[in-house]
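Asks: Need a 3D model of the following:
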Amino acid sequence: MVKVNLGGCGSFVKDADYKVYVGKALEALEVLESGSGAGNDFLGWKHLPSETPESLIAECEAVRDCWKAKGVDLVVVIGIGGSYLGARCAIEALSHNFAKQLRRPSTGSGAVDAPEVVFAGNNLSEEYLAELMDLVAERNAATVVISKSGTTTEPAVAFRVVKEHLEKTYADASERIVAITDARKGALKTLATQEGYKTFVVPDNVGGRYSVLTPVGLLPIVLAGFDVRAMLAGAKEMEAACAEKSEANPAVMYAAMRNLLYSELGKKVEILVSYNPKLQYLGEWWKQLYGESEGKDLKGIFPASVNFTTDLHSMGQFIQEGERIMFETVVNVEKSNRSVVIGSDPQNLDQLNYLAGSHVEHCNAMAQLGTKLAHIDGGVPQLEVSVENLSEFNLGGLFQFFEYACGISAYVLGINPFNQPGVEAYKKNMFALLEKPGYEEMTKAIKERL
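Replies: Alright, predicted model coming up:
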């Protein structure tokens with residue numbers, strides 16, 4: 001169960017003001033639940049945890065088993081934004097930090113012989129893609145390409161390069177390519193039909209940044225050796241909790257407080273904080289979810305993320321004493337899955353013998369508490385989102401919690417949480433500069449500007 005603690009905001013807000021925003025959040029929840037708000041044709045994510053059929057999981061496992069029989073030890077997942085961030089978040093959170101060196105991908109339920117999962121199509125760096133292909137050339141490879149249209153530039157470029165290699169290298173190349181795409185239309189769907197690729201569907205009523213519990217996220221997570229049934233179970237628990245019309249609803253609490261801090265106290269930046277490096281990509285996933293959902297109509301809280309205690313030695317000074325425009329949301333993992341005890345040293349030159357016998361995680365917890373007190377004293381409100389430990393179950397809960405809270409929060413702000421009209425501007429300029437057919441007039445105009 002995901003828990004929310006608002007105690008770190010108590011010295012900054014009045015109870016009466018918070019109750020007003022709880023009322024607004026409950027009204028927004030009603031809009032979300034009734035499907036009466038803007039973007040209501042993209043609400044399919046709400047019930048994925050309770051409605052995902054066992055047959056879909058079995059299909060994912062069939063791909064895993066097929067590729068295992070072929071000896072596949074490297075899977076390239078091609079996608080950008082919501083087409084890869086959720087899967088990468090889950091895989092990195094659940095994997096051994098040094099899996100590549102140890103060939104041991106999991107601290108939990110992941111299989112030791114699961115293939116390594118790497119990601120492409122999320123940038124246009126030629127150096128990155130060339131180095132990726134160095135790896136692909138040395139390994140027994142397969143790919144999962146994720147694109148609703150098949151024409152998004154970054155993944156389309158990467159897929160063209162990876163596809164060419166697979167076709168030149170393997171007689172069974174079409175069996176080493178899985179497409180996750182539209183059910184009926186688009187370039188990737190057309191190609192998959194022509195070439196006989198195994199396909200999974202991106203549901204029409206689920207936007208990319210809400211798609212981690214569709215095949216977009218589930219298939220890569222299964223291929224990496226992790227238990228998506230447990231992930232869906234954790235999400236299902238939060239599906240029920242976040243739909244409750246109660247001021248104790250954790251999504252309502254979070255949405256209410258962050259909007260109060262933004263609208264009444266001028267806190268324009270939210271920093272998602274973790275004290276476990278495994279959660280770095282939770283921050284990346286969360287930033288897209290909230291930034292793309294709320295950043296419209298000259299409104300929205302700017303989402304940033306840091307990893308403590310590491311970033312306390314870089315960003316800590318600004319957070320402590322910089323402009324007071326921010327608040328923090330700490331993702332608190334209550335228990336470590338591993339144990340390391342600090343030993344005693346006869347010379348004690350590092351002066352750490354006072355910690356002898358302590359767990360490293362105890363030091364981490366005290367650093368977290370000390371930072372909380374310091375930042376609150378420095379004028380930075382702090383919310384806390386807690387889970388018991390890092391597991392498939394709890395990650396599923398975090399995904400569902402943040403998605404629900406995002407929908408509620410955006411409706412409180414008066415924003416459509418499910419569109420992203422602003423992301424097309426750079427694409428049009430890029431196509432014109434690349435002299436894409438159909439952009440001739442824009443190419444001429446933009447070159448005159450330059």
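
Asks: Quick one: neighbours of Glu237, just the number.
Replies: 19 (other C-beta atoms under 10 Å). To be clear about C-beta, it is placed using only N, CA and C from the backbone, and glycine gets the same treatment.

Asks: tell me the contacts of it?
Replies: Listed by C-beta atoms under 8 Å, 6 or more residues apart in numbering, the contact partners of Glu237 are Met1, Gly397.

Asks: which non-adjacent residue is nearest Ser358?
Replies: Sequence neighbours aside, Ile342 is the residue nearest to Ser358 in space, at 5.3 Å (criterion: C-beta to C-beta, 6 or more residues apart in numbering).

Asks: Isn't the one you found up against Asn364?
Replies: No. With contacts defined as C-beta atoms under 8 Å, Ile342 does not count as touching Asn364, sitting 11.8 Å away.

Asks: And the residue nearest to Ser358, how far from Gly357?
Replies: Counting by C-beta to C-beta, to the nearest Å, the gap from Ile342 to Gly357 is 7 Å.

Asks: The stretch 251-400 of the chain: helices as residue ranges?
Replies: In the stretch 251-400 of the chain, helices defined by DSSP state H, counting those that start in this stretch lie at 280-294, 316-321, 360-377, 392-413, listed in chain order.

Asks: Against which helices or strands is the first one packed?
Replies: Put plainly, it is helix 280-294. helix 85-94, strand 269-274, strand 302-307, helix 392-413 (3 or more C-beta pairs under 8 Å, 6 or more residues apart in numbering; DSSP states H and E).

Asks: With the second one instead?
Replies: Identification of packing neighbours for helix 316-321 by 3+ C-beta pairs under 8 Å, 6+ apart yields helix 360-377.

Asks: Point out where the stretch 251-400 of the chain drops to low pLDDT.
Replies: Scanning the stretch 251-400 of the chain for pLDDT under 70 picks out no residues.

Asks: Please identify which helix or strand holds the residue nearest to Ala87 when sequence neighbours are not counted.
Replies: Distance criterion C-beta to C-beta, 6+ apart; nearest residue to Ala87, sequence neighbours excluded, is Pro220 at 3.9 Å. Following DSSP states H and E, one finds Pro220 within helix 215-223.

Asks: continuing past that helix, what's the next helix or strand?
Replies: Using DSSP H and E, the next helix or strand after helix 215-223 towards the C-terminus is helix 228-243.

Asks: CA-only coordinates of that following helix in PDB, if you can.
Replies: As requested, C-alpha coordinates have been extracted for helix 228-243 and formatted as PDB (Å, rounded to 0.1, in the frame of the first residue of the first chain):
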ATOM      1  CA  VAL A 228       4.000  -8.600 -13.700                       C
ATOM      2  CA  ARG A 229       1.100 -10.400 -11.900                       C
ATOM      3  CA  ALA A 230       2.500  -9.100  -8.600                       C
ATOM      4  CA  MET A 231       2.900  -5.600 -10.200                       C
ATOM      5  CA  LEU A 232      -0.700  -5.600 -11.400                       C
ATOM      6  CA  ALA A 233      -1.800  -6.800  -7.900                       C
ATOM      7  CA  GLY A 234      -0.100  -3.900  -6.300                       C
ATOM      8  CA  ALA A 235      -1.700  -1.500  -8.800                       C
ATOM      9  CA  LYS A 236      -5.100  -3.100  -8.200                       C
ATOM     10  CA  GLU A 237      -4.900  -2.400  -4.500                       C
ATOM     11  CA  MET A 238      -4.200   1.300  -5.400                       C
ATOM     12  CA  GLU A 239      -6.900   1.300  -8.100                       C
ATOM     13  CA  ALA A 240      -9.400   0.700  -5.300                       C
ATOM     14  CA  ALA A 241      -7.800   3.000  -2.700                       C
ATOM     15  CA  CYS A 242      -7.500   6.000  -5.200                       C
ATOM     16  CA  ALA A 243     -11.100   5.700  -6.300                       C
END
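
Asks: Quick check: buried residues in it?
Replies: Neighbour-count burial for helix 228-243, counted by 16 or more other C-beta atoms under 10 Å, picks out 228-232, 234-239, 241-243.

Asks: In TSV, list those along with pLDDT and distance to Ser391.
Replies: Converted to TSV, the buried residues of helix 228-243 look like this (pLDDT from 0 to 100; distance: C-beta to C-beta, whole Å):
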residue	pLDDT	distance to Ser391
Val228	98	12
Arg229	98	12
Ala230	98	7
Met231	98	9
Leu232	98	13
Gly234	98	8
Ala235	98	12
Lys236	98	15
Glu237	98	13
Met238	98	14
Glu239	98	17
Ala241	97	17
Cys242	97	19
Ala243	97	23
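
Asks: how deep is the nearest residue to Pro417 once chain neighbours are set aside tucked in, by neighbour count?
Replies: Of all residues beyond its chain neighbours, the one nearest Pro417 is Ala410 (3.6 Å), with distances taken as C-beta to C-beta, 6+ apart. Residues within reach of Ala410, counting by other C-beta under 10 Å, total 27.

Asks: Could you pull up the residues touching Ala410?
Replies: Ser293, Glu294, Asn416, Pro417.

Asks: Kindly provide the distance from the first one to Asn97.
Replies: As defined by C-beta to C-beta, Ser293 lies at a distance of 30 Å from Asn97.

Asks: what does Val157 give?
Replies: Relative to Asn97, and taking C-beta to C-beta, Val157 is found at 30 Å.

Asks: now do Ile57
Replies: 27 Å.

Asks: who's more crowded, those two?
Replies: Counted by other C-beta under 10 Å, Ile57 and Asn97 do not tie: Ile57 has more neighbours, with 18 against 13.

Asks: surely the more buried one meets Val228?
Replies: Yes. Under the criterion of C-beta under 8 Å, Ile57 is in contact with Val228, at a separation of 6.0 Å.

Asks: Pull up the overlap in contacts between those two.
Replies: Counting by C-beta under 8 Å, 6+ apart, the contacts common to Ile57 and Val228 are Leu218, Val222.

Asks: quick one: contacts for Cys363?
Replies: Ile342, Leu355.
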